[in-house]
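*Asks:* heads up, no residue letters with this:
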């Protein structure tokens, strides 16, 4: 018996949630061909895994790497933390379909997220066919916001019967082409203009295709409970899998609600509903700066928004809305120190600075500073928003209900994708769970953490041959030393900024190896 790769004498944690056991693992033809102690097989390549954990490749269920994989197909920030599969096209934002005459509309809409992408007219099928080979497996979603843009632009109203039929047809075409499901971003325009009945109509399409619904909730702050109820209702009414992505209870007024929200999901599952959630292990999230403003400011696109922001009366109204309700979808923060510039295409020198710091330097009101900054950066700024309770994060990380998703692009510290200072989750989501919450805090056992990153995620996604170490499964394998601090290369991350609250994650230790489909994509 011979094989391509023999991983010898590792602690195999198979992704099922069971504790690990010492064994060898053989790979040939991109598949796992044998598992057992002392296999005694010959191999073209042997990886000595003594003292190391050998697990299924991590499945990052929630990413936006469709914005970066076409120009960074090596996906360094993902394979170096053990990720072998990414699910992309989330939060209602997908690059396809892109209908004739709508290129500039979508380019403008996605400018804070992907200003570097070469947008072009394309069907979803052609988009998938032209997607480049990548170092990770990529599962695609079609975005509801993109569908609405194609059919209705930024109109703040329900669709007509013909418009709804057009969105249904585009969804059908995407699912027929190979999309795994539909994503929504009900927190921001134009997705926020959709009534629940619109999502139910699209959910019926998903049911026919046995596809999933992945939702950024309508509100993750003051109305998070109601938003979770809305998501669960889609699972109940349509009989489909619903994934509540990057679950959080944002804003000081909502800290402590994680237990209630997790309880709602547990109750739904007890009723037989197919509902999951995922989260990243950081108290800060990331978003385009414009999305922090009230939705009425964002209406009709970036150009109209910038025109409004130039008006004194607009700023007065924004100031009053924020004082009353907090930031759109983020809630009330302790201070403007919680909003930090991450990526700023036209003002890159300010990456790492907070709105509070910029306002103090300019002797200006923070709202005026924010509005002026958006105008100077042409609406394309991305920020980090520190708005989540660490206690809530730890509760979610500990829960069997919550999968692990980075909400981060694949990036690298060079080239176009190395610009700015991205959220540390781009580089460190999986290492942080395994080191900080498993090893340091003891929040959950290692085998449960691996299950939440692999087997449980594959089940939610209906992936039949991934997520577990089993003979015949695809040879997606991650190897690491669980006894050491496992870090990421964060040369351009905010964890390296002198102004950043994120530190200590790039000092020692390393990933050992990541194998994707029998190909070693990373080896320390």
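*Replies:* Alright, I've got the coordinates. Computed from a predicted structure; not experimentally measured.
*Asks:* So what's the residue count around residue 439?
*Replies:* 17 (other C-beta atoms under 10 Å). Heads up, the C-betas are built off the backbone N, CA and C, glycines and all.
*Asks:* And the one 4 residues further on, by the same measure?
*Replies:* Per other C-beta under 10 Å, the neighbour tally for residue 443 reads 18.
*Asks:* can you pull the buried residues of the longest helix seen in the chain?
*Replies:* Determined from DSSP state H, the single longest helix within the chain is helix 161-177. By 16 or more other C-beta atoms under 10 Å, the buried positions in helix 161-177 come out as 163-164, 166-168, 170-171, 173-175, 177.
*Asks:* would you turn those into CSV with distance to residue 395?
*Replies:* Formatted as CSV, the buried residues of helix 161-177 follow (distance: C-beta to C-beta, whole Å):
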residue, distance to residue 395
163, 41
164, 39
166, 42
167, 37
168, 38
170, 38
171, 35
173, 40
174, 35
175, 35
177, 39
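*Asks:* Kindly indicate which of the residues you listed lies nearest residue 309.
*Replies:* Among the buried residues of helix 161-177, residue 163 lies closest to residue 309 (C-beta to C-beta), at 29.5 Å.
*Asks:* Name the SS class of the closest residue to that closest one other than its chain neighbours, please.
*Replies:* Leaving aside its chain neighbours, residue 163 sits nearest to residue 151 (5.1 Å; criterion: C-beta to C-beta, 6 or more residues apart in numbering). Reduced to three states with DSSP: H, G, I helix; E, B strand; the rest coil, the structure at residue 151 is helix.
*Asks:* Test for you: state the pLDDT assigned to residue 151.
*Replies:* On pLDDT, residue 151 comes in at 98.
*Asks:* Repeat that for residue 505.
*Replies:* 35.
*Asks:* So what's the model's average confidence on the longest helix of the chain?
*Replies:* 98.
*Asks:* After it, which helix or strand is next?
*Replies:* Next in sequence after helix 161-177, counting helices and strands by DSSP states H and E, comes strand 181-185.
*Asks:* Following the chain past that following strand, name the next helix or strand.
*Replies:* Following strand 181-185 toward the C-terminus (DSSP H and E): helix 196-209.
*Asks:* just to revisit the earlier point, ok, and what's touching the longest helix of the chain?
*Replies:* 96-97, 123-125, 128, 142, 144, 147-148, 150-152, 159, 181-182, 198, 201-202, 205-206, 209, 211 (C-beta atoms under 8 Å, 6 or more residues apart in numbering).
*Asks:* next one: that helix to chain centre, how far?
*Replies:* 25 Å (C-alpha atoms, centre = their mean, to the nearest Å).
*Asks:* Same check on stretch 185-199?
*Replies:* 19 Å.
*Asks:* in it, what's buried?
*Replies:* Buried positions in stretch 185-199, judged by neighbour count with 16+ other C-beta under 10 Å: 185-194, 198-199.
*Asks:* likewise stretch 105-125?
*Replies:* So, applying 16+ other C-beta under 10 Å, buried residues of stretch 105-125: 105-115, 117, 119, 122-125.
*Asks:* do you know how far the residue lying closest to residue 310 once chain neighbours are set aside is from residue 209?
*Replies:* The spatial neighbour of residue 310 that comes closest, neighbours along the chain excluded (C-beta to C-beta, 6+ apart), is residue 375 at 6.9 Å. As judged by C-beta to C-beta, to the nearest Å, residue 375 and residue 209 stand 43 Å apart.
*Asks:* which one of those two has more residues nearby?
*Replies:* Neighbour tally, residue 375 and residue 209, criterion other C-beta under 10 Å: the higher count belongs to residue 209, 17 against 14.
*Asks:* Kindly confirm my reading that residue 341 forms part of a helix.
*Replies:* No - if the criterion is three-state DSSP, then residue 341 is strand and not within a helix.
*Asks:* What about it, how many residues nearby?
*Replies:* Residues near residue 341, counting by other C-beta under 10 Å: 28.
*Asks:* got the end-to-end distance for stretch 393-402?
*Replies:* 11 Å (C-alpha to C-alpha, to the nearest Å).
*Asks:* quick one: contacts of it?
*Replies:* Contacts for stretch 393-402 (C-beta under 8 Å, 6+ apart): 247, 258-259, 262, 265-266, 269, 276-279, 281-283, 433, 437, 441, 443-444, 448, 452, 456.
*Asks:* same thing but 7 Å
*Replies:* Applying C-beta atoms under 7 Å, 6 or more residues apart in numbering, the contact partners of stretch 393-402 are 247, 258-259, 262, 265-266, 277-279, 281, 283, 433, 437, 443-444, 448, 452.
*Asks:* any idea how far whichever helix or strand residue 431 is part of is from the chain center?
*Replies:* Residue 431 belongs to helix 425-432 when elements are defined using DSSP H and E. Distance, stretch centre to chain centre, for helix 425-432: 12 Å (C-alpha atoms, centre = their mean).
*Asks:* do the same with stretch 439-451
*Replies:* For stretch 439-451, the distance to the chain centre is 21 Å (C-alpha atoms, centre = their mean).
*Asks:* Show me which residues of that stretch are buried.
*Replies:* Counting neighbours by 16+ other C-beta under 10 Å, stretch 439-451 gives 439, 443-444, 446-451 as buried.
*Asks:* Could you check how sure the model is about that stretch, as an average pLDDT?
*Replies:* pLDDT averaged over stretch 439-451 gives 96.
*Asks:* Likewise for stretch 30-37?
*Replies:* Regarding stretch 30-37, the rounded mean pLDDT is 97.
*Asks:* in that stretch, what's buried?
*Replies:* Neighbour counts over stretch 30-37 (16+ other C-beta under 10 Å) mark 31-35 as buried.
*Asks:* got those residues as TSV, with distance to residue 287 columns?
*Replies:* Listed next are the buried residues of stretch 30-37 as TSV, based on distance: C-beta to C-beta, whole Å:
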residue	distance to residue 287
31	40
32	39
33	45
34	46
35	43
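*Asks:* hmm, back to that, now what about the helix or strand the residue nearest to residue 310 falls within, what contacts it?
*Replies:* Assessed by DSSP H and E, residue 375 sits inside helix 366-376. For helix 366-376, contacts defined as C-beta under 7 Å, 6+ apart pick out 289-290, 306, 309-310, 315, 318-319, 322, 336, 346-347, 355-356, 358-359, 362, 381.
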